[in-house]
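J.: Based on what follows, work out the 3D shape:
(chains A and B)
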Protein chains: 2
Amino acid sequence: MSSPYLIHFLLEQARKENWRVTVADLDEGMARRRVGDHPNGETLAFDVNDAAQRRELIQGADVVVSLLAPQFQLMIAEDCLACGSHMVSASYASRELKALYDVAREKGLLLLAECGLDPGIDHMSSMEMIESIRADKGKVISFWSYGSGVPAPESISNPLKYAITWNPRNVVMAGEKGAQYLEHGHVKIVPRQRIFEQTWHVDVEGLGEMEAYSNRDSLSYPEVLGLKDVRTMVRATLRYPGFAGTWRQIVSLGLSDETIHIPDLQQRSYAEVVEMFLPLNLPGRNLPTRLSRLLNISPTGHIMQNLKWLGLFSEDKVSCKGDTAAAMLIDLLQKKLVLHEDECDMVVLQHEMEVEYEDKRRELRVSTMVHKGEAGGFTAMSRTVGLPAALAVCMILKEEILERGVLIPIHPGIYKPILEALASEGITFEHSVRKASAAPELY
Amino acid sequence: MSSPYLIHFLLEQARKENWRVTVADLDEGMARRRVGDHPNGETLAFDVNDAAQRRELIQGADVVVSLLAPQFQLMIAEDCLACGSHMVSASYASRELKALYDVAREKGLLLLAECGLDPGIDHMSSMEMIESIRADKGKVISFWSYGSGVPAPESISNPLKYAITWNPRNVVMAGEKGAQYLEHGHVKIVPRQRIFEQTWHVDVEGLGEMEAYSNRDSLSYPEVLGLKDVRTMVRATLRYPGFAGTWRQIVSLGLSDETIHIPDLQQRSYAEVVEMFLPLNLPGRNLPTRLSRLLNISPTGHIMQNLKWLGLFSEDKVSCKGDTAAAMLIDLLQKKLVLHEDECDMVVLQHEMEVEYEDKRRELRVSTMVHKGEAGGFTAMSRTVGLPAALAVCMILKEEILERGVLIPIHPGIYKPILEALASEGITFEHSVRKASAAPELY
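T.: Prediction:
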């Protein structure tokens, strides 16, 4: 779901520069739909687990863009090193990937990870903001960094106020690994079961109040971003208020589980599957009442209404691939949380940095990017994930990016040209200043 | 921890039969302590990930006993098939392992899994019980099967009433994959976060009341055991009452997490690590009070006393390998939940089958095995896990077991001779009958 704009942009650049773009997908039809009959594009059916094909393909490429799931990134990276190809990816750089730094440098290759939206543009704009604060002789004391992809306010058409614009499994499994961050000098851990409970309000410039939940491991970022004085460092995800309250109950019920195999899942209705998660002895004659008792929430409140709207009490047969509750939920979200033809999505990044100046004066510097998709066209998600990666590819090919090693876009030689090019594509940040007392209050 | 008696027994048999026993361990010293200077034994430093060494070792063996962690079973099984060796294991037979059935039969090999205590003896005694019920023209309507390893009542020396007698990681990760069972014809799923909440009472013959929590996937057992009429099929684990209530809070706090890497774990105290899991804004001046508020439990009740006794509020430095909360917890349990020299452990298996006879009369047939270890000698856990596997090995070598394929011990040709030999080693079942109304009431 993140690839359409990336492919579109690369094909357009390829036309100008006389490059060739090969789009490889397990489902070649999908690749063909993206490439059309573009003279500089070709498509391939590609199974990442076929080592011989993988090597052959990578061997023939100057730069490989990997939009595969995170577990395949290392495999691709190792092949790129073996075959002498550069790599660009929008996934997080794992410990194992970072360990290839020396080899990549020796071979004169760039493996650029975290070069999408979040991670990606967020790193680049953080670095730019930090640089400007340093120029003003300020120190960053606290840093809250928010990222989000939601429907635009005018396109909210469901009670969860959410729409699937990227891999729906990521939505279902969000929070599954817990999170940790730094708060007033203390390391804080949020285990998976409290991610959607420990939320807080964020005032997004120009949009109003949203809710935030903590996003994975923020602890490495002070060092990564060179923030020596930072006492609070939190990366978080934004939703419209109320999403987390409903999602928390879905997780608590157990529907995000992908380890338990449910027998005959496709022969059962949604209501039957939900009933499986309720103890038989739970009192009550109907499913919603019983469920509200298990979860200890109001049987008539908005969370129960949302669960009903989602279709969890429906007598329709489950239709999904796979045999887990998570598979059912992924399928359901794809059907219900749709961005319709006349609606557009919206991507939000907001950095809030509490800055202390030499005279001890403090203020909150806020930098906000709000970017909306085109109804019926490219989503904001696809544009903002795809463009940084596509721009990086072009700049590597044109030797405008010369850094080598396993890197993320926090180096001026990478982020400056990319941010400049993003601005000319209409992806820009607004800057504002608030009183230090306006800093967010975490859970 | 399950290997000592297995090795001891095999060495004694080897002396009589002139066999050779090779004990291979990552830590050869550990293997040497088990084998001593027994003339029929030898030891080896062995890394399961060294494919060449693995093949060479397996090539030279008539029967391979694998007590490795579950994720290595398939690797060993595949090598056994390639090298023409039989295999015996006490681990669950995975889908992937079962898929090797035809190849194993073709090659005339037996890969016998689930041949320990639970799974193992439980299957064998179930089959024997079912056979006897059939002989009485009875149908099994419901089947509750319980397994447990705990301190003997006279050896309870800590408030959790538990002692580590097997891999402590299994204790910490128990319930992590959730559970599912059949109850009055309905499939019921217990997600991991409710395993230690949805407990029930079990009256163990000769011991009194214990608490049960559901154990993994019970759904396949009606078919496996040939129980066509069964409407309730539940496998569960027993503890002394109160264990689950405390454990549930440990899991709820997040201490069984093994995905989040805690920086500088060994430089921190237990209290500091627990504090990391509490929101900074949680009110209260001292850690236990704050924790009781997070968990919403009595600050002065027995659960908080247990957490304190465990050492979770201690200012001592954490000492563990690894950098996760789970690693810390495993190390702590190993230190605190010790079976002392003068104490003995106890293994309990209890099957409860609700039987309907041709005249519609129903009763609850109960079969109970309580086996205690020897203070200072072999634990009951080591004896009851090791003996079935060791006996299977001997019977395969002596051609007293002739079944072939990937099997678990539910075939008369396997379980009958093993149960008979177990009885002569003092491992026996007591049978009793209760009114049908005495059937357990699940959560």
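J.: how deep is whichever residue of the stretch 1-150 of chain A sits closest to chain B tucked in, by neighbour count?
T.: Ranked by CB to the nearest CB, the top residue of the stretch 1-150 of chain A for proximity to chain B is A:Arg95, at 8.9 Å. Placement of C-beta: from N, CA and C, glycine included. If you count neighbours by other CB atoms under 10 Å in any protein chain shown, A:Arg95 ends up with 8.
J.: One more: A:Asp345?
T.: Count around A:Asp345 with other CB under 10 Å applied: 26.
J.: Show the pLDDT at A:Asp167.
T.: If you look again at residue A:167, you'll see it is Asn, not Asp. The model reports A:Asn167 with a pLDDT of 89.
J.: Relative to chain B, how far out is it?
T.: Separation of A:Asn167 from chain B (CB to the nearest CB, to the nearest Å): 20 Å.
J.: A:Ala69 versus that residue, what's the distance?
T.: 8 Å (CB to CB, to the nearest Å).
J.: Chain B contacts on chain A?
T.: Within chain A, the residues that sit near chain B (CB under 8 Å from any CB of the partner chain) are A:177-178, A:180, A:183-184, A:186-189, A:191-194, A:198, A:217, A:219, A:252-254, A:257, A:259-263, A:275-277, A:279-281, A:325, A:441-443.
J.: Going by neighbour count, which of those residues are buried?
T.: Buried by 16 or more other CB atoms under 10 Å in any protein chain shown: A:178, A:180, A:183, A:187-189, A:191-194, A:198, A:217, A:219, A:252-254, A:257, A:260-262, A:275-277, A:279, A:325, A:442-443, out of the residues of chain A next to chain B.
J.: now, which of those lie within helices?
T.: A:252-253, A:275-276, A:325 (DSSP state H).
J.: which one among those residues gets closest to chain B?
T.: Proximity of these to chain B (CB to the nearest CB) peaks at A:Met276, which lies at 4.7 Å.
J.: residues touching the nearest residue to that closest one once chain neighbours are set aside, list them.
T.: Nearest non-adjacent residue to A:Met276, counting by CB to CB, 6 or more residues apart in numbering or on different chains: B:Ile189, 4.7 Å away. If a contact means CB atoms under 8 Å, 6 or more residues apart in numbering or on different chains, then B:Ile189 has A:254, A:257, A:260, A:262, A:276-277, A:325, B:178-180 as its contacts.
J.: where exactly do the strands run in the stretch 301-443 of chain A?
T.: A:345-356, A:362-372, A:405-407, A:430-435 (DSSP state E, counting those that start in this stretch).
J.: Comparing those strands, which stretch has the densest surroundings?
T.: strand A:345-356 (a mean of 24; mean count of other CB atoms under 10 Å in any protein chain shown).
J.: roughly how far is it from the heart of the chain?
T.: Chain-centre distance of strand A:345-356: 15 Å, with CA atoms, centre = their mean, to the nearest Å.
J.: which secondary structure elements does it contact?
T.: helix A:121-135, strand A:139-151, strand A:200-204, strand A:232-239, strand A:362-372, helix A:380-397 (3 or more CB pairs under 8 Å, 6 or more residues apart in numbering or on different chains; DSSP states H and E).
J.: okay, the angle between it and strand A:200-204?
T.: Orientation of strand A:345-356 against strand A:200-204 (axes from the mean of the first three to the mean of the last three CA atoms, to 10 degrees) gives an angle of 100 degrees.
J.: so what strands line up beside strand A:345-356?
T.: Note on strand A:345-356: by DSSP bridges, its sheet partners are strand A:139-151 (antiparallel), strand A:362-372 (antiparallel).
J.: What is the burial count for A:Ala31?
T.: Per other CB under 10 Å, the neighbour tally for A:Ala31 reads 21.
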